[in-house]
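Peer 1: This is a predicted model, with the sequence first.
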Amino acid sequence: MLASAAMDRFAGHTPVLRDEVAELLSPAAGERIVDCTVGLGGHAADLLSRGGPDLRLIGIDRDEANLARAKQRLAPFAPRVRLFHADFADVAQVLEQAEANAADVLLADLGVASTQLDDPGRGFSFAADGPLDMRMDTGRGRTAADLVNELRETDLADLIYRYGQERYSRRIARAIVHARRGRRVERTGMLAEIVVGALPAPVRRRRRGVHPATRTFQALRIAVNDELGSLERLLAALPDVLATGARAAVIGFHSLEDRPVKRAFRAWAAEQRAEVLTRKPITASEAESRRNTRSRSAKLRGIRWIG
């Protein structure tokens, strides 16, 4: 009854590619799972429910609010779960702190949590006006407002182009710098309006269905949280934290995330240190894509570690 009641409270949240992740990672009795981005605990709860009563889990997340939610969701498995407030790039240190030798199963879902996107107070989205923050760990680091108000125009343009793959980055950066001369850009709504106004009308029409500020907001979020740097450090740490025979999987949501994962997995396979379990990335079914639009860009890749 406890497990059922806990799951009912989170019935509205289904993790992306849930069944595909479980099939790929196939947790077995007695193994240790490391969920590098435990988020709301969706994947963690599902994996624990499939792997038998002695399966253990270490969950990591930078967002303290989501860790609290994960603790609630994982309450039925509490004796076998340990949660850590940390960057997943520090997975080796977390394992050491947990007095764990290695992971038998490891997952990193690189998507932004729905709680972060849907809360205007976090500043991740232009869907509703809020403070321009975007930090996953709200206790440290520069905010998106700091970046848009303090970076030089050329640096801001480079950031938007590199992390947002936005071809009109220079026009957008110029418009932001012009706007901030009048007053500080501190709200998501204001930034979205600036970006829309910076794009030529034909471009806005061509991007119908995709908000013109999407790429700029993505770029700022990646920069604020050093997402690509953290991913590179996580990939560099995997050889030291995976047990022989361990399965590891990463879910990326755009080419900037998927490319380094594919490159690392292929390199390890060429060195005969790992077996690639996904010749091509696993993507969401049509049914899941209709049910959850955020799953449409998800790409799941996995390996089995040889050592």
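Peer 2: Everything's here; your move.

Peer 1: Toward the C-terminus from the strand ranked longest in the chain, list the very next helix or strand.
Peer 2: Using DSSP state E, we find that the single longest strand of the chain is strand 242-252. Using DSSP states H and E, the next helix or strand after strand 242-252 towards the C-terminus is helix 255-270.

Peer 1: Counting by contacts, list what that following helix packs against.
Peer 2: helix 227-241, strand 242-252, strand 274-276, strand 299-305 (3 or more C-beta pairs under 8 Å, 6 or more residues apart in numbering; DSSP states H and E). Heads up, the C-betas are built off the backbone N, CA and C, glycines and all.

Peer 1: Which positions within whatever helix or strand comes next after the third one qualify as buried?
Peer 2: What it means is strand 274-276. Following strand 274-276 in sequence order, the next helix or strand is helix 286-291 (DSSP H and E). In terms of neighbour count (16 or more other C-beta atoms under 10 Å), helix 286-291 has its buried residues at Glu288.

Peer 1: Contacts for helix 286-291, please.
Peer 2: By C-beta atoms under 8 Å, 6 or more residues apart in numbering, the surrounding residues in contact with helix 286-291 are 14, 16-17, 295-296.

Peer 1: avg pLDDT for that helix?
Peer 2: Predicted confidence along helix 286-291 averages 94 (mean pLDDT).

Peer 1: so how far is it from its chain's centroid?
Peer 2: Taking the mean of its C-alpha atoms, helix 286-291 sits 20 Å from the chain's own mean (C-alpha atoms, centre = their mean, to the nearest Å).

Peer 1: Can I get it in PDB, CA atoms only?
Peer 2: Coordinates of each C-alpha in helix 286-291 appear next as PDB, following Å, rounded to 0.1, in the frame of the first residue of the first chain:
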ATOM      1  CA  GLU A 286       5.000   7.700 -31.900                       C
ATOM      2  CA  ALA A 287       2.600   7.100 -28.900                       C
ATOM      3  CA  GLU A 288       5.000   8.500 -26.400                       C
ATOM      4  CA  SER A 289       5.800  11.500 -28.600                       C
ATOM      5  CA  ARG A 290       2.100  12.300 -28.800                       C
ATOM      6  CA  ARG A 291       1.600  11.800 -25.100                       C
END
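
Peer 1: Could you dump the contacts of helix 286-291 into CSV and include pLDDT, secondary structure and neighbour count?
Peer 2: Formatted as CSV, the contacts of helix 286-291 follow (pLDDT from 0 to 100; DSSP: H, G, I helix; E, B strand; the rest coil; neighbours: other C-beta atoms under 10 Å):
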residue, pLDDT, secondary structure, neighbour count
Thr14, 80, coil, 14
Val16, 96, coil, 21
Leu17, 98, coil, 24
Ser295, 93, helix, 21
Arg296, 93, coil, 14
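
Peer 1: Name the nearest of those relative to Arg135.
Peer 2: Val16 (22.4 Å; C-beta to C-beta).

Peer 1: residues in contact with that closest one?
Peer 2: So Val16 contacts 109, 111, 251, 284, 288, 292, 294-295, 298 (C-beta under 8 Å, 6+ apart).

Peer 1: Give the residue farthest from the middle of this structure.
Peer 2: Gly182 (34.6 Å; C-alpha atoms, centre = their mean).

Peer 1: Relative to Met190, how far out is it?
Peer 2: 11 Å (C-beta to C-beta, to the nearest Å).

Peer 1: what's the answer for Gly121, then?
Peer 2: 16 Å.

Peer 1: neighbours around Gly245, how many?
Peer 2: 13 (other C-beta atoms under 10 Å).
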